[in-house]
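Undergrad: Okay, sequence plus prediction incoming.
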Amino acid sequence: MGVVARLCSQNEHKARELEALLPGWAVEPLDAGEFPPEDGATYYDNARAKALFGREVGPREAWMLGEDAGIEVDGLGGGPGVRSARSADGDEVGWMLRELDGIEGAGRNARYVSELVAIAPDGREVRGTGTLSGRIVDEPRGTEGFGFDPIFVPEGEERTVAELGDAWKAKHSHRALAAFALLDALREAG
């Protein structure tokens with residue numbers, strides 16, 4: 001029998017992505033009217049707050065998954081970081097290109113970061129972190145992915161994540177790396 005989990009978010013896309021990354025897990029968005037604010041100082045703080053919230057209101061037999069992610073850009077002093085979703089206000093590509101106008105070279109180095117926190121029905125907590133390093137390019141390219149993907153080129157690649165596509169992303173994204181780290185942590189915990 002697999003693991004039944006609730007993603008403490010209403011983002012169906014993330015639930016499907018995580019279900020594909022966690023073999024044997026059935027991941028569904030948590031049915032809740034409101035979720036806690038993402039006002040933590042770190043991705044871990046936000047992911048854990050979501051998972052703890054889910055543990056309080058969700059089905060007792062299900063694992064609760066909290067996830068938080070963002071992008072950190074050297075030329076923005078490591079920002080927007082944990083405020084990524086709120087900074088861009090739905091226009092990630094346009095916002096980032098405006099913020100980086102006139103910034104070249106190492107200032108365009110960037111990292112996608114994802115933190116996953118899973119809380120078991122018995123209260124055990126396991127976490128996984130994933131980081132994908134790369135750089136921000138001057139103009140959007142590609143049609144797959146979402147968010148900053150059309151302007152983010154991973155290290156060792158010449159194409160953006162949006163050009164590399166969803167199949168590449170399923171194995172190499174920051175969220176994929178966090179899911180793999182979570183599975184490793186679960187194996188180590190026994």
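TA: Done, it's in.
Undergrad: Check which residues of stretch 46-53 are buried.
TA: When neighbours are counted by 16 or more other C-beta atoms under 10 Å, the buried residues of stretch 46-53 are found to be Asn46, Ala47, Arg48, Ala49, Lys50, Ala51, Leu52, Phe53. To be clear about C-beta, it is placed using only N, CA and C from the backbone, and glycine gets the same treatment.
Undergrad: Over to stretch 124-132?
TA: Neighbour-count burial for stretch 124-132, with 16+ other C-beta under 10 Å as criterion, is recorded at Glu125, Val126, Arg127, Gly128, Thr129, Gly130, Leu132.
Undergrad: Spatially, which two of those are the most separated?
TA: Pairwise distances across these (C-beta to C-beta) peak at 24.0 Å, for the pair Glu125 and Leu132.
Undergrad: Just to be sure, which of the buried residues of stretch 46-53 are found in strands?
TA: By the criterion of DSSP state E, membership of the buried residues of stretch 46-53 in strands covers no residue at all.
Undergrad: closest to Leu97 among those residues?
TA: Proximity of the buried residues of stretch 46-53 to Leu97 (C-beta to C-beta) peaks at Asn46, which lies at 25.7 Å.
Undergrad: wait, doesn't that closest one sit right on Glu38?
TA: Yes. Contact criterion C-beta atoms under 8 Å: Asn46 and Glu38 qualify, at 4.6 Å.
Undergrad: where do the contact lists of those two overlap?
TA: Applying C-beta atoms under 8 Å, 6 or more residues apart in numbering, one finds that Asn46 and Glu38 are jointly contacted by Asp68, Val82.
Undergrad: Enumerate every residue touching Val113.
TA: When the contact criterion is C-beta under 8 Å, 6+ apart, the partners of Val113 are Tyr43, Ala69, Gly70, Ile71, Glu72, Gly81, Thr129, Gly130, Thr131, His174.
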